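Asks: pasting the structure only:
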């Protein structure tokens, strides 16, 4: 009898521990401002209303291309994509100049610098992103992530002068 109870508790424990995380779909695209690629910008997708999960983020490359990784609290590995749904998108400048953080890729140029040592000072580059895109409450950029993922180009508009 005791063994049956233990066995039943183990079965219930295993059945109750299913993966409750939402399904992720891959998203990539190009970030531009008035048609000009925006390199090295931080992109964050913040879920709206009933969209599951806590969103995703990525960084545009030198040509403005990006792909998203899921934000999953407690996860120990990067996961590609975000759950389908509606998102507010914010775009922010990097804290450090990407050109100043270059690490040598040629082994003959010496060892790579130790992490945390001799970091470049924070820069205050001239902002290339209109301010309203950098704050969740003021961003006008909203996107719909389809059930199968895909390409979502982010085309920012500079304010009229």
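Replies: That came in fine, so what should we check first? What you see is a predicted model, and the numbers here were worked out from it, not measured in a lab. Numbers count the residues shown, from 1 in each chain.

Asks: which element follows the helix or strand bottoming out on mean pLDDT in the chain toward the C-terminus?
Replies: In the chain, the helix or strand scored least confidently by mean pLDDT, DSSP states H and E is helix 2-15, which has a mean of 65. Scanning forward in sequence from helix 2-15, with DSSP states H and E defining helices and strands, the next element found is strand 27-33.

Asks: how close does the most centrally placed residue in the chain sit to residue 63?
Replies: For the chain, the residue lying nearest the average C-alpha position, counting by Cα atoms, centre = their mean, turns out to be residue 57 (0.8 Å). As for residue 57, its distance to residue 63 is 19 Å (criterion: Cβ to Cβ, to the nearest Å). Using the backbone N, CA and C atoms, a C-beta is placed for each residue, glycine as well.

Asks: Kindly report the same for residue 22.
Replies: Counting by Cβ to Cβ, the separation of residue 22 from residue 63 is 30 Å.

Asks: do the same with residue 3
Replies: Residue 3 sits at a distance of 63 Å from residue 63 (criterion: Cβ to Cβ).

Asks: So between these two, which is more surrounded?
Replies: The neighbour comparison of residue 3 against residue 63 (other Cβ atoms under 10 Å) goes to residue 63, with 11 against 7.

Asks: Let me know whether the more buried one touches residue 36 as I believe.
Replies: No - no contact is recorded between residue 63 and residue 36 when judged using Cβ atoms under 8 Å, the distance being 11.0 Å.

Asks: Can you list the helices and strands that the helix or strand harbouring residue 89 packs against?
Replies: With elements taken from DSSP H and E, the one containing residue 89 is strand 85-92. When contacts are defined as 3 or more Cβ pairs under 8 Å, 6 or more residues apart in numbering; DSSP states H and E, strand 85-92 packs onto strand 42-47, strand 142-145, strand 154-156.

Asks: Determine which of the ones you listed approaches residue 73 most closely.
Replies: strand 42-47 (13.4 Å; Cβ to Cβ).
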